[in-house]
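> here is a sequence together with a model predicted from it:
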Amino acid sequence: MTEPGFGARLAAAIGARGPLCLGIDPHPELLRAWDLPISADGLARFSEICVRAYAGFAIVKPQVAFFEAYGSAGFAVLENTIVGLREAGVLVLADAKRGDIGSTMAAYAQAWAGTGPLAADAVTASPYLGFGSLQPLLDMAAANGRGVFVLAATSNPEGASVQRALTGERTVAQSVVDDAAAVNRAGLPQPGSIGVVVGATLDVVPDLSEVGGPVLVPGVGAQGGRPEALGGLGGARPGQILPAVSREVLRAGPDFAEVRTAAEKLRDAVAYLV
């Protein structure tokens, strides 16, 4: 029997445990706030607390950059964190935002969607070298039952000059959404495993009604995104929206029980909206 693909696993996890993606973002300011050293040891302790607090949630998103900053020691912590999260019963989304062409993209694909120690259940990717440049990653993810979340419309002000530019009659962001939808419609080998990323604070949102996969919406809470604005975002269907939150929950630390309580409250707040 074929193992369910990422889209099916995510849908089942959300159905059982609620629609919230929790971030592990060990920013130096948070390490200081938690009275942890700005070092690989502090990084490891921070991640251990998060893994314990997030056990049993649907999906967790480590921000790769904050691990990468510590070099090989940071990547070792990330590998241990991925293992710990899986043992805690959650899906892992590596927020790596990789994007390149040809053999380099294939190497990134092997790292994050292959079978090595950094491979997660899903990974974020940038399509802004052209959506077709992601094909090695899409192929690797499909071969291993993993997912890909493709950046479409981000909240940073600089993104608008590119993402809202027109290509024909569509914005570039809409073309990314449409390309992701086409991959999901093809459904090879499993449908619904290609998601898109759309910022929670945007005033202009692409049409998401036909994307056919999950819509990751970062920026809820501390970054200004309002939970009540998530319902029907971009015409997305019920069950597709996956709010992502990090600082709003992490600032409750360092006590793992307080972090978990904050996560549960936010999960319950968005559950009926999406």
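Sure thing, it's come through. Numbering: from 1, shown residues only.
> Leu230 and Ile194: what is the separation?
20 Å (C-beta to C-beta, to the nearest Å). C-beta: built from backbone N, CA, C; applies to glycine.
> neighbour count winner among these two?
Ile194 (28 against 20; other C-beta atoms under 10 Å).
> and that one, bridged to which residues?
Val148 (DSSP bridges).
> can you start the count at 736 instead of 1 from here on
New numbering, starting at 736: the last item is Ile929.
> and it, how far from Ala846?
Look at Ile929 and Ala846: by C-beta to C-beta, they are 19 Å apart.
> repeat for Val907
From Val907 to Ala846 the distance is 27 Å (C-beta to C-beta).
> so which of these two has more stuff around it?
A count of neighbours by other C-beta under 10 Å puts Val907 above the other of Val907 and Ala846, at 20 against 17.
> let me know whether that one touches Ala900 as I believe.
Yes: using C-beta atoms under 8 Å, Val907 makes contact with Ala900 at a distance of 5.2 Å.
> burial count for Leu872?
Neighbours of Leu872 (other C-beta under 10 Å): 25.
> tell me the pLDDT of it.
If you check Leu872, the pLDDT there is 97.
> contacting residues around it?
Contacts of Leu872 were listed using C-beta atoms under 8 Å, 6 or more residues apart in numbering, and they are 833, 840, 843-844, 847-848, 858, 860, 883.
> do that again at 7 Å, thanks
Leu872 is in contact with 840, 843-844, 848, 860, 883, counting by C-beta atoms under 7 Å, 6 or more residues apart in numbering.
> over to Gln798?
758-760, 830.
> phi and psi next, for it.
For Gln798, the backbone dihedrals (degrees, to the nearest 10) come out as phi -80, psi 110.
> can you check Leu813 too?
phi -60, psi -40.
> check the one 10 residues further on too.
Phi and psi for Ala823, reported as degrees, to the nearest 10, are phi -90, psi 0.
> quick one: it from Pro949, how far?
21 Å.
> ok, these two, which is more surrounded?
Neighbours were counted for Ala823 and for Pro949 using other C-beta under 10 Å; Pro949 has more, 30 against 17.
> from Gly969, how far off is the spatially closest residue to that one that is not a sequence neighbour?
Spatial nearest neighbour of Pro949, excluding adjacent residues (C-beta to C-beta, 6 or more residues apart in numbering): Gly930 at 3.9 Å. From Gly930 across to Gly969, the span is 13 Å (C-beta to C-beta).
> looking only at neighbour counts, state which of these two leads.
Gly930 (27 against 22).
> in this structure, which spans are strands?
756-759, 794-797, 826-833, 857-860, 882-888, 901-902, 905-906, 929-933, 950-953, 976-980 (DSSP state E).
> between the fifth one and strand 976-980, how many degrees?
It refers to strand 882-888. Angle of strand 882-888 versus strand 976-980, following axes from the mean of the first three to the mean of the last three C-alpha atoms, to 10 degrees, is 80 degrees.
> touching strand 882-888 from outside, list them.
741-742, 745, 828, 832, 856-862, 869, 872-873, 876, 898, 908, 911-912, 915, 928-934, 937, 940-941, 951.
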